[in-house]
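Colleague: Fold the following.
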Amino acid sequence: MAGGTWLQPTHERDQCWPEKLVALNAAWPAFRGLEDDSRGLTVGALTSLSEMARHPLVREYLPPLALFLNRVAGPGVRALGTVGGNLAVGGDLSALAMALDVRVDVLNRTGERTLPLSRWLRERASDDLLRGFTIPDCRGWRISLEKLGYRERFSPTRATLVCVHDGDRVRLAVCGEGGLLRLVAPETFVNDRADLASGDVGAVIDRELAAHGWQDAHLRMALRRMTTGLLSEVALGT
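Modeller: The predicted structure follows:
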């Protein structure tokens, strides 16, 4: 257990508690902190959300993220909650990580390995420990994030949508009630057109979400509007 902020609402909902817990705390120093190297920006899984929000490297690599993190839950949860835990449960950071093609460092009884986040989420073993993750050098990329349903208590966000322009192509990802999803078909639709802010992408977004378990039609409609707005932002560089 790291921050424990996900365990509390899970226990309250399911009325069950794990038989054994391993405390991931200060005794695991290699799991905490931020540093930049040739791979990009590496973030330890035990780094708290509040630490990440105020770190100068985050402001250098991902200026929008610092502001966005301050809208994740309340101050108490941000002080306890870890970035690794947020990724592991498909929290607010997971859509951004998916859009940025983040790679994760994982260890278990068989050793250590580094692999794309998307692959790890599909294949992770029950004894995997997320040690950290690396964000590629995205300085200069245009990134916009939007969130539906602000979290002031232990209640999940309805959706977080991320739009990234890496200077060549647009990337889109979403997380929330319907799960974590890289929006491949809408990405292709947008990248094949000169006008990034084309409103025609809405129908493609709706089909992609519905096909991957996002059943709430009203939520899908909201995400269509959010996508159009974020595409306009990255197209204009605002």
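Colleague: for the residue nearest the centre of the chain, what are its contacts?
Modeller: Most central in the chain under Cα atoms, centre = their mean is Ser94, positioned 1.9 Å from the mean C-alpha point. By Cβ atoms under 8 Å, 6 or more residues apart in numbering, the contact list for Ser94 reads Asn86, Leu87, Leu117, Cys175, Leu180. The C-beta positions use only the backbone N, C-alpha and C, and glycine is treated the same way.
Colleague: mind giving me the domain ranges of this structure?
Modeller: As given by automatic domain parsing, the domain ranges for the chain are 30-135, 142-236.
Colleague: which stretch of helix or strand covers the residue nearest to Gln215 when sequence neighbours are not counted?
Modeller: Computed as Cβ to Cβ, 6 or more residues apart in numbering, the closest residue to Gln215 that is not its neighbour in sequence is Gly178, at 7.2 Å. Using DSSP states H and E, Gly178 falls within no helix or strand.
Colleague: Count the residues that sit near Gly178.
Modeller: Residues lying near Gly178 (other Cβ atoms under 10 Å) number 19.
Colleague: before we move on, what about the one 10 residues further on?
Modeller: Using other Cβ under 10 Å, Thr188 has 13 other residues around it.
Colleague: what helix or strand is it on?
Modeller: Applying DSSP H and E, one finds Thr188 within helix 184-191.
Colleague: Redo the domains of the chain as JSON lines? Include mean pLDDT.
Modeller: Shown next, in JSON lines, are those (pLDDT from 0 to 100):
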{"stretch": "domain 30-135", "mean pLDDT": "87"}
{"stretch": "domain 142-236", "mean pLDDT": "87"}
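Colleague: Adding distance to Glu19, write those out as CSV.
Modeller: Below are those laid out as CSV (distance: least, Cβ to Cβ, whole Å):
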stretch, distance to Glu19
domain 30-135, 14
domain 142-236, 23
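Colleague: So which residues of the chain form helices?
Modeller: 7-14, 49-54, 56-61, 63-69, 75-80, 83-88, 92-99, 117-123, 184-191, 201-211, 217-236 (DSSP state H).
Colleague: Gly149 is nearest to which of those?
Modeller: Closest to Gly149 of the helices of the chain, according to Cβ to Cβ: helix 217-236, at 9.5 Å.
Colleague: neighbours around the residue lying closest to Leu65 once chain neighbours are set aside, how many?
Modeller: Leaving aside its chain neighbours, Leu65 sits nearest to Val58 (5.7 Å; criterion: Cβ to Cβ, 6+ apart). A count of nearby residues for Val58, using other Cβ under 10 Å, gives 21.
Colleague: What distance do you get for Val58 to Val234?
Modeller: 19 Å (Cβ to Cβ, to the nearest Å).
Colleague: Ok, Arg122 next?
Modeller: With Cβ to Cβ as the criterion, Arg122 and Val234 are 28 Å apart.
Colleague: Ala125 now?
Modeller: 36 Å.
Colleague: between these two, who's got more neighbours?
Modeller: A count of neighbours by other Cβ under 10 Å puts Val234 above the other of Ala125 and Val234, at 21 against 11.
Colleague: surely Leu34 meets Thr42?
Modeller: Yes - at 7.0 Å, Leu34 and Thr42 qualify as touching, with contact defined as Cβ atoms under 8 Å.
Colleague: mind putting the helices of the chain in JSON lines, distance to Arg131 included?
Modeller: Converted to JSON lines, the helices of the chain look like this (distance: least, Cβ to Cβ, whole Å):
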{"stretch": "helix 7-14", "distance to Arg131": "20"}
{"stretch": "helix 49-54", "distance to Arg131": "16"}
{"stretch": "helix 56-61", "distance to Arg131": "18"}
{"stretch": "helix 63-69", "distance to Arg131": "20"}
{"stretch": "helix 75-80", "distance to Arg131": "19"}
{"stretch": "helix 83-88", "distance to Arg131": "8"}
{"stretch": "helix 92-99", "distance to Arg131": "15"}
{"stretch": "helix 117-123", "distance to Arg131": "11"}
{"stretch": "helix 184-191", "distance to Arg131": "28"}
{"stretch": "helix 201-211", "distance to Arg131": "32"}
{"stretch": "helix 217-236", "distance to Arg131": "31"}
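Colleague: Please consider this matter closed, and thank you.
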